[in-house]
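1. Attaching a predicted model along with its sequence, questions to come.
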Amino acid sequence: MNIKSHILQLAKYGFFGVIATLVHLLTAWAIIYFFAASVFVANTLAFFTAFVFSYVFQTLYVFHSTFHIKKFMKFFLVQYGTFLFSYLLSDIFPIQNSYLHTLVIVAIMPLITFVIHKFWTFK
């Protein structure tokens, strides 16, 4: 794979990552708004919604792979591990606004996950 292919793959990852992030944000904010849920509960439910979207589109259009239970489990471990890490990392900062707290969580995740998926999940 040459440098152009890596850049194109990263751009696709970013594109679908932005959409998955919007899915996560809108889901979490809707749950917080309509159900007055905690940040953790809202983001956990939003994570699972965005996870399904992300797995399907990253598998098909970014890594040009097939659906397989082993890849699905790896993808889940990376995504959920990164989600928990992002939540704990963002909890270090005293952010009182739940919406902003959620934004910090979803901003951290894609930076870490691309590298792990490229070199482990879809290797």
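-> Yep, that arrived.
2. quick one: buried residues of the lengthiest helix in the chain?
-> Determined from DSSP state H, the single longest helix within the chain is helix 3-35. Using 16 or more other C-beta atoms under 10 Å as the test for burial, helix 3-35 gives 9, 12-13, 16-17, 20-21, 23-25, 27-29, 31-32. For the C-beta atoms, the positions are set from N, CA and C on the backbone; glycine is no exception.
3. The helix or strand that comes right after it versus helix 3-35: what angle between them?
-> Next helix or strand after helix 3-35 toward the C-terminus (DSSP states H and E): helix 39-57. Angle of helix 39-57 versus helix 3-35, following axes from the mean of the first three to the mean of the last three C-alpha atoms, to 10 degrees, is 140 degrees.
4. what's helix 39-57 packed up against?
-> helix 3-35, helix 69-91, helix 98-116 (3 or more C-beta pairs under 8 Å, 6 or more residues apart in numbering; DSSP states H and E).
5. what's the angle from it to helix 98-116?
-> Using the same axes, to 10 degrees, helix 39-57 lies at 40 degrees relative to helix 98-116.
6. So what touches helix 39-57?
-> For helix 39-57, the external contacting residues (C-beta atoms under 8 Å, 6 or more residues apart in numbering) are 16-17, 19-21, 23-25, 27-29, 31-32, 35, 37, 72, 75-76, 79-80, 83, 87, 98, 101-102, 105.
7. How about it, which residues are buried there?
-> 39, 42-47, 49-51, 53-55, 57.
8. Present these as TSV; the columns should include pLDDT and distance to Phe119.
-> Shown next, in TSV, are the buried residues of helix 39-57 (pLDDT from 0 to 100; distance: C-beta to C-beta, whole Å):
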residue	pLDDT	distance to Phe119
Val39	89	31
Ala42	94	31
Asn43	88	26
Thr44	89	27
Leu45	94	29
Ala46	93	27
Phe47	87	22
Thr49	94	26
Ala50	92	22
Phe51	90	20
Phe53	95	22
Ser54	92	17
Tyr55	94	17
Phe57	95	19
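9. Reduced to three states, what does Ser65 come out as?
-> At Ser65, secondary structure determined by DSSP: H, G, I helix; E, B strand; the rest coil is coil.
10. got the contact list for it?
-> So Ser65 contacts Thr59, Lys71, Phe122 (C-beta under 8 Å, 6+ apart).
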